[in-house]
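**Q** Sharing a model prediction with you, sequence too.
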Amino acid sequence: MKRDLISKRVREIPPSGIRRFFDLLASMEGVISLGVGEPDFVTPWHIREAGVYSLEKGYTSYTSNYGLLELREELARYLKASYGLDYDPQRELLITVGVSEGIDLAIRAILDPGDEIIVHDPGYVSYMPCTILAGGVFIPVPTTIENDFKVKASDIEKRITPRTKAILLGYPNNPTGAVMDSEGLTKVAEVAQRHNLLVISDEVYERLVYGVAHTCFASLPAMKERTILLSGFSKAYAMTGWRIGYAAAREEIIEAMVKIHQYTMLCAPIMGQMAAIEALKEGESQIQEMVAEYDKRRRVMVQGLNQIGLTCFEPRGAFYTFPSIKSTGLSSEEFAERLLLEDRVAVIPGATFGECGEGYVRCCYATSLADIEEALERMSKFVKRHRAR
């Protein structure tokens with residue numbers, strides 16, 4: 001009998017839909033990419049300089065598994081000033097290798113095999129694979145354009161069973177750009193409290209909001225003790241390649257996450273941590289400049305997509321639009337592949353982010369206005385050729 005060399009859990013994970021399009025894009029010339037979820041800004045110089053200085057001073061060693069204490073202290077001050085949250089930097093904060101590692105650690109730290117985690121659909125691509133790798137059961141909750149892709153507390157509550165362990169939220173949202181307001185999040189918090197559930201709140205886009213306020217889930221009444229707050233430096237500070245994120249939670253949860261972290265990753269790179277300290281201390285003005293520029297691009301993208309017949313609600317966070325492509329009669333994968341091959345514009349199929357993403361594509365506006373305008377011109381021609389009759 002032939003023996004399977006690959007584990008069943010790994011075989012259950014679908015290959016990344018995003019990666020396939022990146023591979024296609026790499027072999028083509030003249031492509032405008034609206035696919036990469038990454039700031040087109042370079043990390044501000046004074047932050048880069050802090051990383052360079054750390055190398056020059058010989059900071060090339062491991063740090064504590066928890067991360068540099070100075071960075072954790074700066075984060076504790078930031079969370080207090082921004083959201084009124086009190087975290088002990090010694091025991092309730094962990095520096096991770098990006099928020100992606102934080103998601104993996106949080107899920108593995110709390111789930112036993114067969115435990116269920118409830119997640120909105122569409123959602124970030126790693127939520128389901130991380131759940132599967134932890135032996136958990138992924139329970140999607142549909143969201144719709146009619147409600148601006150905000151998850152409803154009542155829809156979450158309908159899916160709670162005796163095996164439910166946690167709710168996972170990712171707002172501001174990738175891929176839709178949706179933002180949950182305080183009222184909607186408070187209703188989710190009430191469900192979590194009523195059923196004694198934990199909440200993993202992925203808030204990596206917390207600083208990228210437009211005309212609305214971000215509500216930190218852990219700041220809601222009685223939620224700090226129930227919440228694993230995840231965020232980082234990649235998006236707001238244009239520090240994707242530095243791979244610095246963090247988790248904030250009560251001591252026993254952080255301790256459990258560190259157990260996994262210390263055996264798999266040891267610690268985040270010290271140079272990145274030194275740069276992150278500088279970002280927290282002196283990076284606020286650059287955030288404001290980048291957010292203002294993203295807002296200009298956001299408005300151009302939304303208006304342009306609606307004008308060419310791809311219905312798009314107004315995203316209030318992150319740097320994505322999520323237009324409907326149903327008028328073309330193409331599936332999201334067909335639309336994305338043909339747009340790339342025929343008109344050299346890269347977008348990501350909505351189905352990559354969950355079943356409710358079918359009929360949509362993700363367009364990232366973290367690119368220049370000139371490229372956005374040219375991409376819209378090309379997309380207009382494509383839509384005219386393929387509009388369903």
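**A** Cool, got the structure. Numbers count the residues shown, from 1 in each chain.

**Q** Now do stretch 155-173, average pLDDT.
**A** The average pLDDT for stretch 155-173 rounds to 98.

**Q** Repeat that for stretch 332-345.
**A** 94.

**Q** contact partners of that stretch?
**A** 17, 21, 24-25, 28, 30-32, 34, 325, 328, 330, 346-352, 357-361, 375, 378-379, 381-382, 385-386 (CB atoms under 8 Å, 6 or more residues apart in numbering). (C-beta placed from N, C-alpha, C; glycine too.)

**Q** what does stretch 73-84 give?
**A** 85-89, 93, 216, 218-219, 246, 248, 277, 280-281.

**Q** and those as JSON lines, adding neighbour count, secondary structure and pLDDT?
**A** Output for the contacts of stretch 73-84, formatted as JSON lines (neighbours: other CB atoms under 10 Å; DSSP: H, G, I helix; E, B strand; the rest coil; pLDDT from 0 to 100):
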{"residue": "L85", "neighbour count": "19", "secondary structure": "coil", "pLDDT": "98"}
{"residue": "D86", "neighbour count": "10", "secondary structure": "coil", "pLDDT": "98"}
{"residue": "Y87", "neighbour count": "24", "secondary structure": "coil", "pLDDT": "98"}
{"residue": "D88", "neighbour count": "13", "secondary structure": "coil", "pLDDT": "98"}
{"residue": "P89", "neighbour count": "19", "secondary structure": "coil", "pLDDT": "98"}
{"residue": "L93", "neighbour count": "24", "secondary structure": "strand", "pLDDT": "98"}
{"residue": "C216", "neighbour count": "22", "secondary structure": "coil", "pLDDT": "98"}
{"residue": "A218", "neighbour count": "23", "secondary structure": "helix", "pLDDT": "98"}
{"residue": "S219", "neighbour count": "17", "secondary structure": "helix", "pLDDT": "98"}
{"residue": "Y246", "neighbour count": "25", "secondary structure": "strand", "pLDDT": "98"}
{"residue": "A248", "neighbour count": "28", "secondary structure": "strand", "pLDDT": "98"}
{"residue": "I277", "neighbour count": "20", "secondary structure": "helix", "pLDDT": "98"}
{"residue": "L280", "neighbour count": "18", "secondary structure": "helix", "pLDDT": "98"}
{"residue": "K281", "neighbour count": "14", "secondary structure": "helix", "pLDDT": "98"}
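
**Q** Can you say which of the contacts of stretch 332-345 are buried?
**A** Buried by 16 or more other CB atoms under 10 Å: 17, 21, 24, 31-32, 34, 325, 328, 330, 346-352, 357-361, 375, 379, 382, 386, out of these.

**Q** so which of the contacts of stretch 73-84 comes closest to G102?
**A** Checking these against G102 by CB to CB gives Y246 as the nearest, at 7.1 Å.

**Q** Can you tell me how far the closest one is from L71?
**A** Computed as CB to CB, to the nearest Å, the Y246 to L71 distance reads 8 Å.

**Q** what sits in contact with each of those two?
**A** Common neighbours of Y246 and L71 (CB under 8 Å, 6+ apart) are I95.

**Q** Mind checking which of the contacts of stretch 332-345 land in strands?
**A** When DSSP state E is applied, the contacts of stretch 332-345 are split such that I32, A346, I348, P349, V361 fall in strands.

**Q** Could you identify the most distant pair in those?
**A** Pairwise over these, using CB to CB, the maximum falls at I32 and P349, 17.0 Å.

**Q** domains of this protein?
**A** 8-43+285-384, 45-283 (automatic domain parsing).

**Q** all strands in this protein, in order from the N-terminus.
**A** So, for the chain - with DSSP E - the strands run 32-33, 93-96, 116-121, 137-142, 164-170, 198-202, 227-232, 245-248, 320-321, 345-346, 348-349, 361-364.

**Q** can you list these in a markdown table and add distance to L105?
**A** Converted to a markdown table, these look like this (distance: least, CB to CB, whole Å):
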| stretch | distance to L105 |
| --- | --- |
| strand 32-33 | 30 |
| strand 93-96 | 7 |
| strand 116-121 | 14 |
| strand 137-142 | 17 |
| strand 164-170 | 13 |
| strand 198-202 | 10 |
| strand 227-232 | 9 |
| strand 245-248 | 7 |
| strand 320-321 | 25 |
| strand 345-346 | 31 |
| strand 348-349 | 26 |
| strand 361-364 | 26 |
